[in-house]
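Undergrad: Coordinates for the following, if possible.
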Amino acid sequence: MKIAIPLINDQLKLEDIQECSGFVEAYFEDKNKPFLTNHIFLMYDSLSNGSNVAECFYKLFHLKNRYGTRVIYTKNKPYTVYTFTIDSTIRDLRDGNIILSTAQKQRVLEFWESKDAWITNNILLGTMYDHPEASILPEEDYLPEIGEDEKWEAPL
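TA: Presented below is the predicted three-dimensional model:
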């Protein structure tokens with residue numbers, strides 16, 4: 001997933017996927033919406049009050065390839081899920097192949113600021129991309145009662 005994230009959109013920055021922005025995880029699949037096969041999902045803690053939360057949420061909401069945004073509840077906690085339409089490069093990554101242009105490799109390395117040895121080795125060697133089973137968005141297991149969602153405020 002680390003290789004795919006920088007390729008979602010050129011406007012995405014490292015600080016947008018850090019804990020201080022409310023970022024939880026990125027996923028290739030959503031059990032709640034299995035028909036979304038050409039998409040990637042970024043999940044954020046809706047209750048996060050990190051320093052970059054509002055700015056990050058605003059940016060993600062306005063990215064051109066954003067397909068949709070929704071709030072899901074897992075274990076009584078709200079999470080904001082941003083769904084992005086992906087291109088063939090990210091679909092290939094999802095399927096285990098790293099076939100990137102020089103510009104795409106440079107984008108990934110710059111995004112991660114060349115600090116991650118795994119990224120550097122895999123991006124340069126073009127080895128198979130093995131993504132864990134955790135790349136499936138958690139199922140929604142809780143729906144708030146009417147009016148209950150007013151107990152928390154979205155950062156936008």
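Undergrad: Give me the neighbour count for residue 100.
TA: 18 (other C-beta atoms under 10 Å). All C-beta atoms are positioned from the backbone trio N, CA, C, and that covers glycine.
Undergrad: Could I get the phi/psi values of it?
TA: phi -120, psi 150 (degrees, to the nearest 10).
Undergrad: so how far is residue 140 from it?
TA: 33 Å (C-beta to C-beta, to the nearest Å).
Undergrad: cool, residue 8 as well?
TA: 22 Å.
Undergrad: more neighbours, those two?
TA: Neighbour totals were compared for residue 8 and residue 140, and residue 8 leads with 23 against 17 (other C-beta under 10 Å).
Undergrad: list the contacts for the residue nearest to the more buried one when sequence neighbours are not counted?
TA: In space, and not counting its chain neighbours, residue 8 is closest to residue 84: 5.2 Å by C-beta to C-beta, 6 or more residues apart in numbering. Shown in contact with residue 84 (C-beta atoms under 8 Å, 6 or more residues apart in numbering): 8-9, 39-42, 63, 65-67.
Undergrad: Now with 6 Å, please.
TA: 8, 40, 65-66 (C-beta atoms under 6 Å, 6 or more residues apart in numbering).
Undergrad: Quickly find the element holding it.
TA: If you go by DSSP states H and E, residue 84 is part of strand 77-85.
Undergrad: could you say what helices and strands the helix or strand just after that strand packs with?
TA: Next helix or strand after strand 77-85 toward the C-terminus (DSSP H and E): helix 88-94. Helix 88-94 sits against no helix or strand, with contacts defined as 3 or more C-beta pairs under 6 Å, 6 or more residues apart in numbering; DSSP states H and E.
Undergrad: So what's the gap between the helix or strand just after helix 88-94 and the chain middle?
TA: Going down the chain from helix 88-94, the next helix or strand is helix 102-111, by DSSP H and E. Chain-centre distance of helix 102-111: 18 Å, with C-alpha atoms, centre = their mean, to the nearest Å.
Undergrad: Can you tell me the SS state at the residue most central in space within the chain?
TA: Against the mean C-alpha coordinate of the chain, by C-alpha atoms, centre = their mean, the closest residue is residue 42 at 2.6 Å. Of the three states, residue 42 takes strand according to DSSP: H, G, I helix; E, B strand; the rest coil.
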